[in-house]
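K.L.:
Sequence and predicted structure are below.
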Amino acid sequence: MNELVLAIEGGGTKTRVLLAKRDGTVIAREVGGAASPLYVARKRYARGLRALLRRMKRAADRVKGQVIAAGLAGPICRDMVQEAVRAEFGPVEWVFAGESDVAFALFGLDWGVSLVAGTGASCRAHTRQGGTVARGGFGPQFGDEGSGYWIGREAVAAAMRGLEGRGPATSLGDAVCTAYGVTNVHHVLKFIDRSGHVPGPRVAALTPYVFAAARAGDAVAKGICLRAGTELGKLVAATAEATEWLEGPIPLVLTGGVFHGENLIVTPLKRVLRQRSLVFDVRPPAPEPAEGLIRFVQRQLECSVGREQREPAKCEGKKRNVP
């Protein structure tokens, strides 16, 4: 029987589920909807997740495999996910990871700065000496500047101002109408829920349209991307400058869907960092970081079989057995 690893990474817009062999080779991928309890009802999410896991089970059966461990990362209902996995695969060993753990594992790092910019935006720094500092992540109402939600909100606002003559003309109005399937930008308001807001994932889903408009030359869309990258650069700088680094350059890992914008976001981000005293080694952006969770689980499994030569910091207590 082949030993397999399952990785479930939840976010404000998507859930990514990967199934891999013990050596890390991915044999199946599935993508579902929003995982965050802020944006999806528990029962609805459970139904969608079970459908994904049933397809994963069929993939495991095709290779005569057994899932021995499962990794879980991101804002997600842990107990519900564990129950769904147990129903399909039986008892597994669980590995819990933070978003920065996943980001660092992508590049085999144990220290540096991790910037996550998806539906929301947050940053975390880890030093070699064990220091940790976190900034951002205040949510759409009070923060998350530069996030997918922030970009989408700015796009709708700019489109409305352009339509009413209170701002420059922009193609974002057409983009918003296309994305929402409406004929007038103001019709977006019909998607407001009981909280008085259009749900976060629906707003963040506008981000690719903003990137497309910016690449086509729309000045307003380019301005939104410029401000997003600048705000994310400020977030990285504030995080890194809040701790003490004994060596450099500092590895910086960029993960999350906003980095599908590539240089529209990364160029202004780097411009901010160049104006600071710290020096960063910016790694290639990874918009879809779920494979980092597979690598993190692999490392924890290696630790669990007693490889004493590994550094203790690499084997921190992230793992626990679940019957």
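P.N.:
Here it is on my side, so go on.

K.L.:
What ranges does the stretch 101-250 of the chain have for its helices?
P.N.:
Per DSSP state H, counting those that start in this stretch, the stretch 101-250 of the chain carries helices over the ranges 148-164, 172-180, 200-204, 207-215, 219-240.

K.L.:
what's the most buried one of these?
P.N.:
Burial of the helices of the stretch 101-250 of the chain is given as mean neighbour count (mean count of other Cβ atoms under 10 Å); helix 200-204 ranks first at a mean of 24. Heads up, the C-betas are built off the backbone N, CA and C, glycines and all.

K.L.:
Check the secondary structure at the nearest residue to Leu18 once chain neighbours are set aside for me.
P.N.:
Of all residues not flanking Leu18 in the chain, Ala7 sits nearest, at 4.4 Å (Cβ to Cβ, 6 or more residues apart in numbering). Secondary structure state of Ala7, per DSSP: H, G, I helix; E, B strand; the rest coil, is strand.

K.L.:
correct me, but Ala7 touches Leu293?
P.N.:
Yes: contact criterion Cβ atoms under 8 Å: Ala7 and Leu293 qualify, at 4.1 Å.

K.L.:
so what sits against both of these two?
P.N.:
Leu18, Gly71, Ala73 (Cβ atoms under 8 Å, 6 or more residues apart in numbering).

K.L.:
Can you pull the phi/psi pair for the first one?
P.N.:
Meaning Leu18. phi -120, psi 140 (degrees, to the nearest 10).

K.L.:
in the sheet, who's paired with it?
P.N.:
Counting by DSSP bridges, Leu18 is bridged to Ala7, Arg29.

K.L.:
how many other residues sit next to it?
P.N.:
Around Leu18 there are 23 other residues, counting by other Cβ atoms under 10 Å.

K.L.:
Which pLDDT value does the model give it?
P.N.:
Note on Leu18: pLDDT of 89.

K.L.:
which residue packs closest to Ala216, ignoring adjacent ones?
P.N.:
Ser171 (7.1 Å).

K.L.:
circling back: and Ala7 and Leu293? Which one has more around it.
P.N.:
The neighbour count for Ala7 versus Leu293, taken as other Cβ under 10 Å, is higher for Leu293 (30 against 27).

K.L.:
Quick one: mean pLDDT over the helix or strand hosting the more buried one.
P.N.:
In this structure, Leu293 sits in helix 290-304 according to DSSP states H and E. For helix 290-304, mean pLDDT rounds to 81.

K.L.:
Please enumerate residues in contact with that helix?
P.N.:
Contact partners of helix 290-304, identified using Cβ under 8 Å, 6+ apart, comprise 5, 7-9, 16-18, 20, 22, 24, 26, 68-71, 73, 93, 95, 97, 101-106, 108, 255, 286, 310, 314-315, 318-319.

K.L.:
List only buried entries from those.
P.N.:
Listed as buried from the contacts of helix 290-304 are 5, 7-9, 16-18, 20, 68-71, 73, 93, 95, 97, 101-106, 255, 286, 315, 318-319; burial here means 16 or more other Cβ atoms under 10 Å.

K.L.:
picking up where we left off before, Provide a list of residues in contact with the residue nearest to Ala216.
P.N.:
Contact partners of Ser171, counting by Cβ under 8 Å, 6+ apart, are Ala213, Ala216, Asp218, Ala221.

K.L.:
Quick check: the two most widely separated of the residues you listed?
P.N.:
Ala216 and Ala221 (8.0 Å; Cβ to Cβ).

K.L.:
Pull the contacting residues for Leu52.
P.N.:
For Leu52, the contact set (Cβ under 8 Å, 6+ apart) comprises Thr15, Val17, Glu30, Gly32.

K.L.:
what about 10 Å?
P.N.:
Residues near Leu52 by Cβ atoms under 10 Å, 6 or more residues apart in numbering: Ile8, Thr15, Arg16, Val17, Ala28, Arg29, Glu30, Val31, Gly32, Gly33, Ala84, Glu88.

K.L.:
Many thanks, have a good one.
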